[in-house]
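Colleague: Coordinates only, no sequence provided:
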């Protein structure tokens, strides 16, 4: 038996149950991992609320880092005691979790468990967005919404490393300071100024090459309108709610622009691609080129509070649960 956070009915943070669960042995191609740190992500709130329905009851969480406790049949390359991290193992809000070996990434000694867990889902997302979905080119201007969030801070840094000029949007003065410290060239406080007119002004009316939008409903129309001709709106989340269906003619009217709704699984579809992305992120951390901000640490039993803080937009950076 081990402690875990379980959802028995969809709803708000109050439905999260901290309870004892059975731990099964790893099957073929699987590892049993002792969880050192579990990452909290917006997708966890969608699963909890039933926006992305899962069969009930289920263990919450997808991401974490820890130490291999047992190795299942047909697994090579891993041994008991190895440090690993992952972004796709259901039930990761737990003391122990079964992880597919193909989804586990070896963690180098230069990277702590906290940073490894914090980098997996959000870091891999930021990496594929700027390296593959819309590969940022030197000299281009891009807009990053929620630039002081967990993904936002990483997006700003990775886009700057590729030579971009980065405009970020934030809600508060404290978050503006964080975005600027991460390298944002311009920061728009959307609570006191219109990001559309300000972005147009900052780009001389041309617009930006790409918008990285994890906010969704409340920013979508504005994001479309600040794209340059043939720019790309990369819609990778829905923190403010889901976007309504879109008439393709809106893309035509906005300047023959592109709209994409990517997801991590399609950009880590092979072990090689997963390890390439994770390896670049771990290398950047080890060299000091990438800073990962931990916005809050909670005990596993405090998962409800972590969700309340995340959804209340009271955090900046990555939230972690410590079993």
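Modeller: Yep, that arrived. Everything quoted here is computed from the prediction, not taken from an experiment.

Colleague: only C-alpha atoms for contact and neighbour calcs from this point on.
Modeller: Noted.

Colleague: Tell me the secondary structure at the residue most central in space within the chain.
Modeller: In the chain, the residue lying closest to the centroid (CA atoms, centre = their mean) is residue 122, at 2.5 Å. At residue 122 the chain is in helix, as set by DSSP: H, G, I helix; E, B strand; the rest coil.

Colleague: so it touches residue 150, yeah?
Modeller: Yes: in terms of CA atoms under 8 Å, residue 122 counts as a neighbour of residue 150; the distance is 6.6 Å.

Colleague: who's in contact with the closest residue to the residue nearest to the centre of the chain other than its chain neighbours?
Modeller: Leaving aside its chain neighbours, residue 122 sits nearest to residue 151 (5.1 Å; criterion: CA to CA, 6 or more residues apart in numbering). When contacts are counted by CA atoms under 8 Å, 6 or more residues apart in numbering, residue 151 touches 122, 123, 125, 126, 317.

Colleague: ok, now with 10 Å
Modeller: Going by CA atoms under 10 Å, 6 or more residues apart in numbering, residue 151 touches 41, 118-119, 121-127, 144-145, 214, 292, 316-318.

Colleague: That one falls within a helix, correct?
Modeller: Yes: counting by three-state DSSP, residue 151 falls inside a helix.

Colleague: Distance of it relative to residue 99?
Modeller: 23 Å (CA to CA, to the nearest Å).

Colleague: To which secondary structure element is residue 158 assigned?
Modeller: Residue 158 is located in helix 150-161, with elements delineated by DSSP states H and E.

Colleague: any idea how far residue 63 lies from residue 278?
Modeller: Taking CA to CA, one finds residue 63 at 13 Å from residue 278.

Colleague: ok, the lengthiest strand in the chain: who's next to it in the sheet?
Modeller: Looking across the chain with DSSP state E, the single longest strand is strand 30-40. If you go by DSSP bridges, strand 30-40 pairs up with strand 63-71 (antiparallel), strand 96-100 (antiparallel), strand 318-322 (antiparallel).

Colleague: Indicate which one of the ones you listed is closest to residue 135.
Modeller: strand 318-322 (24.1 Å; CA to CA).

Colleague: What average pLDDT does that closest one get?
Modeller: The pLDDT scores in strand 318-322 average 96.

Colleague: gap between that strand and the chain center?
Modeller: Taking CA atoms, centre = their mean, to the nearest Å, one finds strand 318-322 lying 13 Å from the centre of the chain it belongs to.
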